[in-house]
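Asker: Sharing a model prediction with you, sequence too.
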Amino acid sequence: MARPAGGTLVRSLDTGDETLRRMQLRLDPRFDESVITFSTEQDAAAFAGCHVDGCLRERRSNGLCWTHVGRWDRAKRPPLAEFMASPGDPTKPESVGLDGLPDRVRLEIALALQLAPARGRQFYLGGLRKFVSILRELQPPSLLGEVPPELRTTLEVRSPMNKHVRLARHTILAVLEEFCHAGNPLAEFERDTWRAPVMGLAGAPGCVIRFDAIPQPWLRHQAKRFLRWRISTGKGYAQINRDNSALERLAAALTAQAGPDALPSDFNRATIETYLNLLVERGLAPASRGYDLSSIRSFLRAVRQQEWQPLLPTSADVFPGDRPRLPKAAPRWLPEFVMAQIEDPTAQDQLEPKNRLLLRILIRTGLRINDAGRLELDCIVRDNQNAPYLRYYNHKMRREAFVPVDDELADEIRHQQQHILADRPAATCLFPQTSSLDGTKPRCQPFTPIAAWQGRIGLRDELGRPFRFTAHQLRHTYGTRLINADVPQEVVRRLLDHESPEMTARYARLKDDTIRRHWERARKVNIAGETLILEAGTPLSDAVWMKENLGRATMALPNGYCGLPLQQTCPHANACLTCPVFITTPDFLSEHLEQLRATNRLIATAEARGNTRIVEMNQRVATNLKTIIDAIQTPDPAETGDAS
């Protein structure tokens, strides 16, 4: 880096402030400049870099910087691997000008840019440059400590760029916090701003929990104890953040009732009533108010059970009657008139193959969009009948799950796997980001192309008005279709991987279902007379059971059940006794015997008339019937062994 004329930050800032002195000593001379140029790969790690080897510019589109995007466009967009093999002349590295800033602010930003890569943090340079421009106008003495009112007002303005500006400020402060304060949970507890990783919240890098909005010292201390306890019980950052927001609103209610210096004895039932009114005044929806009340009820219960604050009056509590009445949520299923347009092959052909596959997965499996977008490359598994299942990770429930699919969808997934591996052999995602050259990062917003596609195909409702749907409505439609097809609600719950029947009750009334128990007890025999064994106690066995119930609910036959999934076409129409996926049980023995007698009579009549084709077709049925009857009437060796 070229050093401009003028003194350095190390010399210009001469103070007894120990933190400032540590920052001066830590600053690399390469960052002690009014214009910082990211001239090495180590420096350029402070932002997402262009994928072209040797390019030190920020990545903007398709993994390329704007310079290389322009060159790629002029070259008629050849395959990225081919373009990057010959990207043209070297580009100039990125730079950020810090001139015109107060010396201490310039030092803080420079040190954050230097330390960010080692702490796994990156900047969006557009937002950073805009933030520097704002600071140049406002001239704050420091970024640490109390936020100046004029800076807070500027940052609160809602705009697309300000989102990146706030992110730049957050990243700078997070890096400086890590530098100034060691990661000690005990010391962190005493601070009014917690860094989530230091307090043991995994999966929340860069996130903080703030308590400075709670003016009462005793309530702030109890809030800290409560959230630290909640973290120890395994609660994630989303729940902790929700609890903290509820406690901030509770503190606001206490302040409105008894002032910022209110004591524990001032906290009473009137505080709760003020709090309930505050939730309404702030426009929280009934569901959000219910979440808030759950957090406050858990907080008050923990304070009393663990005797953190004996002076807290017992009258201060949240009672069942305080909860707002929630409207019964109906499933947001899509009308079949709309679904016919969505499922029209001509309309779907307007989507790219990967987006068309994603849409079909959503329609045929009911997966949440986040789960579908993060499917692993090897997401298809098969049972002992070679029936396919989609394996996915339910991020909401934090567990692996399976859902049966038809062969057609499994084939489409296999084609996508082959396409991804041909371009990115090390890929691990079925739908990787375009900018992820190794294919290990899933797409961030996988539904966006499908949302844009709705307008292109002119999607309409029954009144001819433009219609738009969300990914989650496809999940509701999937569940509603299953209920309408008389699939038992417990099966629907398993297919949607709901935690409780109450979630599935949106689609239908709860039904008393005992099919699973009878299915597990029964011996299952196919047309070859083979007993089908269902291994119990595994996630896949549950998915197999769901597949059998789908066939049982919608494709039951007089003498057995079809083993095909719900949406698969049968290639053996009216000939199930010659179908390899036909399954039966001893419950149908009398029907088999009667059908065998009728079939033998038909064969005898056909032979007398010389109808060899009818004899041939029915002889196969008779042979399979005899095999099935013999298998059913033969004692099960396992049962014989148990009896002995």
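Answerer: Received the coordinates, thanks.
Asker: what are the ranges of the helices in the stretch 251-400 of the chain?
Answerer: 269-281, 286-305, 336-342, 345-348, 353-365, 369-373 (DSSP state H, counting those that start in this stretch).
Asker: so which of the ones you listed gets nearest P78?
Answerer: helix 353-365 (19.6 Å; C-beta to C-beta). C-betas here are computed from N, CA, C, even on glycine.
Asker: Could you pull out the buried residues of that closest one?
Answerer: Buried residues in helix 353-365, counted by 16 or more other C-beta atoms under 10 Å: 354-365.
Asker: so how far is it from its chain's centroid?
Answerer: Centroid separation for helix 353-365 versus its chain: 16 Å, with C-alpha atoms, centre = their mean, to the nearest Å.
Asker: Other residues contacting that helix?
Answerer: Outside helix 353-365, the residues that touch it by C-beta atoms under 8 Å, 6 or more residues apart in numbering are 342-343, 348-349, 351, 367, 369, 372-373, 375, 390, 403, 405-406, 409, 412-413, 415-416, 419, 431, 446-447, 449-450, 453, 471, 474-475, 477-478, 567.
Asker: Swap in 7 Å and give it another go.
Answerer: The contact list for helix 353-365, computed with C-beta atoms under 7 Å, 6 or more residues apart in numbering, reads 343, 348, 351, 367, 369, 372, 390, 403, 405, 409, 412-413, 416, 431, 446, 449-450, 471, 474, 478, 567.
Asker: Out of the helices of the stretch 251-400 of the chain, the one nearest L173 is which?
Answerer: Checking these against L173 by C-beta to C-beta gives helix 286-305 as the closest, at 26.3 Å.
Asker: quick one on the thing from earlier: could I get the helices of the stretch 251-400 of the chain as CSV with distance to F189 and mean pLDDT?
Answerer: Shown next, in CSV, are these (distance: least, C-beta to C-beta, whole Å; pLDDT from 0 to 100):
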stretch, distance to F189, mean pLDDT
helix 269-281, 25, 94
helix 286-305, 16, 93
helix 336-342, 52, 93
helix 345-348, 55, 92
helix 353-365, 44, 94
helix 369-373, 33, 92
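Asker: what about the ones you listed, which gets the closest to P425?
Answerer: That would be helix 353-365 among the helices of the stretch 251-400 of the chain, by C-beta to C-beta, at 17.5 Å.
Asker: export the closest one as PDB, just CAs?
Answerer: The C-alpha coordinates for helix 353-365 follow below in PDB (Å, rounded to 0.1, in the frame of the first residue of the first chain):
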ATOM      1  CA  PRO A 353     -35.100 -27.700 -15.000                       C
ATOM      2  CA  LYS A 354     -33.800 -27.200 -11.400                       C
ATOM      3  CA  ASN A 355     -36.700 -24.800 -10.500                       C
ATOM      4  CA  ARG A 356     -39.200 -27.100 -12.200                       C
ATOM      5  CA  LEU A 357     -37.900 -30.000 -10.100                       C
ATOM      6  CA  LEU A 358     -38.100 -27.900  -6.900                       C
ATOM      7  CA  LEU A 359     -41.700 -27.000  -7.700                       C
ATOM      8  CA  ARG A 360     -42.600 -30.600  -8.200                       C
ATOM      9  CA  ILE A 361     -41.000 -31.700  -5.000                       C
ATOM     10  CA  LEU A 362     -43.000 -29.000  -3.100                       C
ATOM     11  CA  ILE A 363     -46.200 -30.200  -4.800                       C
ATOM     12  CA  ARG A 364     -45.700 -34.000  -4.400                       C
ATOM     13  CA  THR A 365     -44.100 -34.100  -0.900                       C
END
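Asker: Out of the helices and strands in this structure, which is least certain?
Answerer: helix 515-521 (a mean of 43; mean pLDDT, DSSP states H and E).
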